[in-house]
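Trainee: kindly generate the corresponding structure for this input.
(one chain, ligands or ions: 1)
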Amino acid sequence: MISVLMRREPISQYSRRLVEPILSLSEGLYTRTTRLGWTVYITNPKIIKSILLKQDSFPKAKIFVSSGEGSLPNKFIVGPNMIFVENADWKRHRKLANPAFQQAMPHKIFGKLTIQMFDIIDESLKKNTDLDIGDVLKRLTLDALTLAGFGFDIHALQDPNNEWLRTYQSIITGMQDPFFFFFPIFETRFLHMFPKRQVIHDDCDRFLKLMDDMIKEKRDIINKSIEDTITSKVVAEDIQEKDILTLLLEGEESEGAYMTNEELKVQSHDSTTGALSFALYHMAVNKDIQQKARDDVLGVLGDSNEDIIPTTAQTKAMDYLNMIIKETLRIQPSVPVASARKAKEDCKLGEVFIPKDTILLIDIYNTHRSPSNWDDPHTFNPERFRPGGEADQKISGEFGNPWIPFSNGARQCIGMNFSLAEQRVVLSMLLRKYTWSLPKGSIHETNVITKGIFFIVAKDLELSFTPRY
Ligand code: HEM
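Mentor: Below you'll find the predicted structure:
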């Protein structure tokens with residue numbers, strides 16, 4: 001595994017080379033060495049279900065905590081963050097956060113950002129250059145999360161040299177540096193010997209401070225507006241476009257529970273960037289699928305020569321586009337493994353004995369790519385998600401659920417609907433306005449090349465766009 005990471009071999013290659021041959025011999029369980037020693041990876045849907053539905057028997061393992069106090073992942077994503085907390089703390093977080101995440105579907109924000117992205121695409125067309133759409137999507141999803149999440153505009157789309165964008169990217173790239181990932185001791189004890197790493201740590205401190213300041217400011221505004229009932233009535237009129245943080249803080253008032261500033265920090269936008277970049281890639285290389293998706297969108301929104309921001313109901317009526325989004329998340333799940341669990345006691349998974357304290361990883365990528373779980377799994381085929389099709393038959397039957405891009409059970413991704421809404425708006429608006437293809441000589445000509453460890457995105461994805469209006 002270390003050599004795979006050091007060579008930066010894409011997940012699609014090493015999975016087919018190393019994992020797939022083993023999967024055909026096992027019950028969907030295999031072992032791999034990780035930083036924590038031998039770890040059991042699981043791709044069998046029935047066993048996955050038995051783990052995800054039994055939080056008490058299989059609690060989260062403190063995999064990042066093990067990289068030690070002071071390591072970059074530990075600083076940035078550990079702490080009392082919803083992804084890692086357990087038991088009563090997690091229940092309190094989730095109870096407060098669920099309504100906020102269900103209410104906030106900021107279609108207008110997603111739509112306005114997509115129109116800003118059109119300006120960038122049109123600018124590149126004027127200059128006759130291919131566009132690194134992966135980079136543009138990264139900026140769009142970061143803006144979407146900060147605007148819809150915190151009500152704070154960092155203008156990453158409009159300004160590619162934006163300081164916050166650079167800082168965020170530096171942290172995300174730094175966290176996935178294989179050297180420090182496997183040997184965190186070099187940054188927890190000997191950081192002073194690595195000046196470049198020190199710069200990333202400084203970036204991380206500044207970013208966390210920015211979030212802290214935003215949360216404090218928001219608390220002050222909300223406390224003030226609660227005193228002023230007239231103001232709070234006006235704000236309540238447009239709940240759909242309220243940011244998540246505001247809804248969370250208002251929820252604290254009605255639930256009588258409280259989250260600390262530390263607990264309110266959520267850092268997750270790269271997963272949506274990955275999903276969008278892969279959907280664009282698959283539609284670029286499958287022109288018939290792209291056209292069918294466009295017909296689906298035009299059937300709902302019409303074909304006038306103007307930008308239309310779709311409503312929630314309209315995006316849900318785009319059946320074929322929704323099938324594409326699901327198939328993209330199957331064939332390229334942007335979060336390839338769920339966070340590690342631990343067996344609390346000796347147990348059996350299928351026929352295999354698992355000793356107490358064994359680390360277990362739900363291998364989302366290989367669950368989605370296993371020939372035991374899907375017909376012809378390496379082929380992009382949205383038809384699997386047709387009502388009554390392959391996916392429905394498996395999920396509703398005895399088979400267990402082989403489609404788990406957002407995990408499953410009580411700890412399923414809380415941002416799932418937010419991310420799906422964002423993908424539907426961005427993709428439907430792009431399909432109305434442009435056709436696109438891979439430029440000649442693209443590195444993705446024979447297969448999509450990916451990068452990343454925790455979040456997978458299409459590497460340096462350039463596309464050629466042609467406007468329809
Ligand atoms: C395509 C987009 C996304 C994918 C594929 C994805 C995937 C996942 C997965 C697999 C998990 C479960 C981890 C586990 O079981 O250990 C998870 C949890 C979580 N995700 Fe997402 N995610 C996405 C977008 C988002 C967004 C946009 C947000 C925030 C706005 C978000 C916030 C969270 C949180 C807070 C959790 C922890 C939930 C809990 O433990 O109760 N995710 N996500």
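Trainee: alpha carbons only for contacts and neighbour counts from here, please
Mentor: Noted.
Trainee: just for this protein, where's the confidence low?
Mentor: Applying pLDDT under 70 to the chain picks out residues 1-8, 63-68, 77-85, 103-104, 225-241, 252-269.
Trainee: what does it put close to the ligand?
Mentor: 82-83, 94, 268-269, 271-272, 275, 334-335, 338-339, 405-407, 411-416, 418-419 (CA under 6 Å from any ligand atom).
Trainee: narrow the residues you listed to those that are buried.
Mentor: 82-83, 94, 269, 271-272, 275, 334-335, 338-339, 405-407, 414-416, 418-419 (16 or more other CA atoms under 10 Å).
Trainee: please flag which of those residues sit within strands.
Mentor: With strands taken from DSSP state E, there is no overlap with those.
Trainee: show only the entries of these found in helices.
Mentor: Among these, the residues falling in helices (DSSP state H) are 94, 271-272, 275, 416, 418-419.
Trainee: with distance to Thr246 added, can I get the residues you listed in JSON lines?
Mentor: Listed next are these as JSON lines, based on distance: CA to CA, whole Å:
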{"residue": "Arg94", "distance to Thr246": "16"}
{"residue": "Ser271", "distance to Thr246": "23"}
{"residue": "Thr272", "distance to Thr246": "22"}
{"residue": "Ala275", "distance to Thr246": "27"}
{"residue": "Met416", "distance to Thr246": "19"}
{"residue": "Phe418", "distance to Thr246": "16"}
{"residue": "Ser419", "distance to Thr246": "19"}
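Trainee: in those, find the pair that's most separated.
Mentor: Farthest pair in these (CA to CA) is Arg94 and Ala275. Separation: 24.4 Å.
Trainee: contacts only, for Lys46.
Mentor: By CA atoms under 8 Å, 6 or more residues apart in numbering, Lys46 lies in contact with 399-401.
Trainee: actually Gly151, not the one I wrote
Mentor: For Gly151, the contact set (CA under 8 Å, 6+ apart) comprises 242-243, 245.
Trainee: could you check how far the strand or helix carrying Ser464 is from the centre of its chain?
Mentor: Applying DSSP states H and E as the criterion places Ser464 in strand 462-467. Taking CA atoms, centre = their mean, to the nearest Å, one finds the center of strand 462-467 at 24 Å from the center of the full chain.
Trainee: ditto for stretch 190-199
Mentor: Here stretch 190-199 is found 29 Å from its chain centre; the criterion is CA atoms, centre = their mean.
Trainee: any buried residues in that stretch, and which?
Mentor: The neighbour-count criterion (16+ other CA under 10 Å) identifies 191, 197 as the buried residues of stretch 190-199.
Trainee: which residues touch that stretch?
Mentor: The contact list for stretch 190-199, computed with CA under 8 Å, 6+ apart, reads 174, 187.
Trainee: any idea how far apart the tips of that stretch sit?
Mentor: Length of stretch 190-199, first residue to last, CA to CA, to the nearest Å: 14 Å.
Trainee: cool, stretch 351-361 as well?
Mentor: End-to-end distance for stretch 351-361: 18 Å, by CA to CA.
Trainee: if we can go back for a sec, quick check: of the ones in helices among the buried ones among the residues of the chain next to the ligand, which lies closest to Lys394?
Mentor: Met416 (21.0 Å).
Trainee: against His368, how distant is that closest one?
Mentor: The gap separating Met416 from His368 is 18 Å, by CA to CA.
Trainee: quick one, what contacts the residue nearest to Gln102 when sequence neighbours are not counted?
Mentor: Of all residues not flanking Gln102 in the chain, Asn417 sits nearest, at 7.5 Å (CA to CA, 6 or more residues apart in numbering). By CA under 8 Å, 6+ apart, Asn417 lies in contact with 101-102, 105.
Trainee: what comes up buried for stretch 153-162?
Mentor: Buried positions in stretch 153-162, judged by neighbour count with 16+ other CA under 10 Å: 154-158.
Trainee: with stretch 311-330 instead?
Mentor: Neighbour counts using 16+ other CA under 10 Å place 311, 315, 318, 320-330 of stretch 311-330 among the buried residues.
Trainee: and if you look at stretch 458-469?
Mentor: Buried residues in stretch 458-469, counted by 16+ other CA under 10 Å: 458-465.
Trainee: measure it end to end?
Mentor: Using CA to CA, the two ends of stretch 458-469 sit 28 Å apart.
Trainee: what sits up against that stretch?
Mentor: Outside stretch 458-469, the residues within contact range by CA under 8 Å, 6+ apart are 121, 125, 130-135, 274, 277-278, 281, 284, 305-306, 432-439, 442, 444, 448-451.
Trainee: sorry, back to before: need the contacts of Gly151 in JSON lines with secondary structure, can you?
Mentor: Output for the contacts of Gly151, formatted as JSON lines (DSSP: H, G, I helix; E, B strand; the rest coil):
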{"residue": "Lys242", "secondary structure": "coil"}
{"residue": "Asp243", "secondary structure": "coil"}
{"residue": "Leu245", "secondary structure": "helix"}
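Trainee: list just the nearest of the residues you listed to Leu145.
Mentor: Closest approach to Leu145 among the contacts of Gly151 (CA to CA): Asp243, at 9.3 Å.
Trainee: so how many other residues sit close to the nearest residue to Ser15 once chain neighbours are set aside?
Mentor: Counting by CA to CA, 6+ apart, Ser15 lies nearest to Asn366, which is 7.3 Å off, once chain neighbours are set aside. By the measure other CA atoms under 10 Å, the count of residues near Asn366 is 30.
Trainee: which residues of the stretch 1-150 of the chain fall in helices?
Mentor: In the stretch 1-150 of the chain, the helices defined using DSSP state H, counting those that start in this stretch lie at 2-6, 11-14, 20-23, 45-52, 72-77, 87-103, 107-126, 133-150.
Trainee: nope, the stretch 151-300 of the chain is what I meant
Mentor: For the stretch 151-300 of the chain, applying DSSP H, counting those that start in this stretch gives helices covering 163-175, 178-182, 185-188, 195-227, 229-236, 244-255, 270-285, 287-301.
Trainee: just want the angle from the fourth one to helix 163-175.
Mentor: Going back to what we said before, that points to helix 195-227. On the basis of axes from the mean of the first three to the mean of the last three CA atoms, to 10 degrees, helix 195-227 is oriented at 130 degrees to helix 163-175.
Trainee: show me how far helix 195-227 is from its chain's centre.
Mentor: Centre-to-centre, helix 195-227 and its host chain are 22 Å apart (CA atoms, centre = their mean).
Trainee: check the last one too.
Mentor: Taking CA atoms, centre = their mean, one finds the center of helix 287-301 at 25 Å from the center of the full chain.
Trainee: tell me the contacts of Pro384?
Mentor: Not Pro; residue 384 is Arg. Listed by CA under 8 Å, 6+ apart, the contact partners of Arg384 are 323, 327, 390-391.
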